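Q: Here is a sequence with its predicted model. Questions after.
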Amino acid sequence: MAIRAQFENSSEIGVFSKLTNAYCLVGLTSSANFYSIFEAELAEHIPVVYATIHGTKIIGRLCVGNKHGLVVPSTTTDQELLHLRNSLPDSVVVQRVEDRLSALGDCVAANDHVALIHHELDRETEEIIADTLRVETFRRDIAGNALVGSYCAFTNNGGMVHPKTPVAEQDELSQMLQVPLVAGTVNRGSDVLGAGMVVNDWCAFCGVDTTSTEISVIESI
């Protein structure tokens, strides 16, 4: 089921939220509307938590996580780290990393088993991601774009990649991730999938501009 949502007039909801199978983080906002959309759908199953990273709302682009853990950049304050650790389930490990590429959400895409990572991430960061999220990591780009977190979205059941991804590359990625993939868009033709939607194994949220055709493609996965 795909649900449309909007964050303070922006359809790029993946920038302001992070959804996994064990928790959902939502950027701090003056309107409770965005939070309540997530809460109505998810509260019975997983905690929905207000969060900031370095005082900003753009948490979806700055952190990467799955049901095993959450990796946040070095700019995260001690107080924010403590809040995340206290709010998330005990089984979720929250880890801070030092890396030049601090927008981890743009540079890494992960489900509960596999992570695709940016070519230039430090080796140490790669190891921390592998340990914290308990995933196998692959250095990849998608349709020539190094920011894998921005140009794909996938769960343990399937995924969506940049619309210009060649079929051979889709097949290769599908083999690597062990899930079926489709090429597609969100928010009426936007190829920045990671920013336009957040997904887990049973639920999807996408920006309000997303057309019904795009929603049917999202739901088919």
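A: Received, thanks.
Q: Please give me every residue in contact with Thr14.
A: Careful, residue 14 is Gly; it's not Thr. Contact criterion CB atoms under 8 Å, 6 or more residues apart in numbering gives 60-61, 105, 153, 193-198 as the residues in contact with Gly14. C-beta: built from backbone N, CA, C; applies to glycine.
Q: can you tell me the helix or strand for it?
A: Gly14 is located in helix 13-16, with elements delineated by DSSP states H and E.
Q: now that helix, how far from the chain's geometric center?
A: Using CA atoms, centre = their mean, to the nearest Å, we find the averaged C-alpha position of helix 13-16 to lie 9 Å away from the chain's own average C-alpha position.
Q: Just send the contacts of Gly14 back as TSV, with distance to Asp78, secondary structure and pLDDT too.
A: TSV is the format used below for the contacts of Gly14 (distance: CB to CB, whole Å; DSSP: H, G, I helix; E, B strand; the rest coil; pLDDT from 0 to 100):
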residue	distance to Asp78	secondary structure	pLDDT
Gly60	22	helix	93
Arg61	21	helix	94
Gly105	21	helix	93
Ala153	31	strand	93
Leu193	33	helix	94
Gly194	28	helix	92
Ala195	28	helix	93
Gly196	32	helix	93
Met197	31	strand	94
Val198	27	strand	95
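Q: Tell me which residue of the chain is furthest from the middle?
A: Ala168 (24.4 Å; CA atoms, centre = their mean).
Q: What's the separation between that one and Ala2?
A: Noted for Ala168: a distance of 28 Å to Ala2, by CB to CB, to the nearest Å.
Q: Kindly indicate whether Asp201 is helix, strand or coil.
A: When classified by DSSP: H, G, I helix; E, B strand; the rest coil, Asp201 comes out as coil.
Q: Measure how buried it is and give me the count.
A: Look at Asp201: counted by other CB atoms under 10 Å, it has 14 neighbours.
Q: my guess is it contacts Asn157, does it?
A: Yes: here Asp201 lies in contact with Asn157, judged by CB atoms under 8 Å, at a distance of 5.6 Å.
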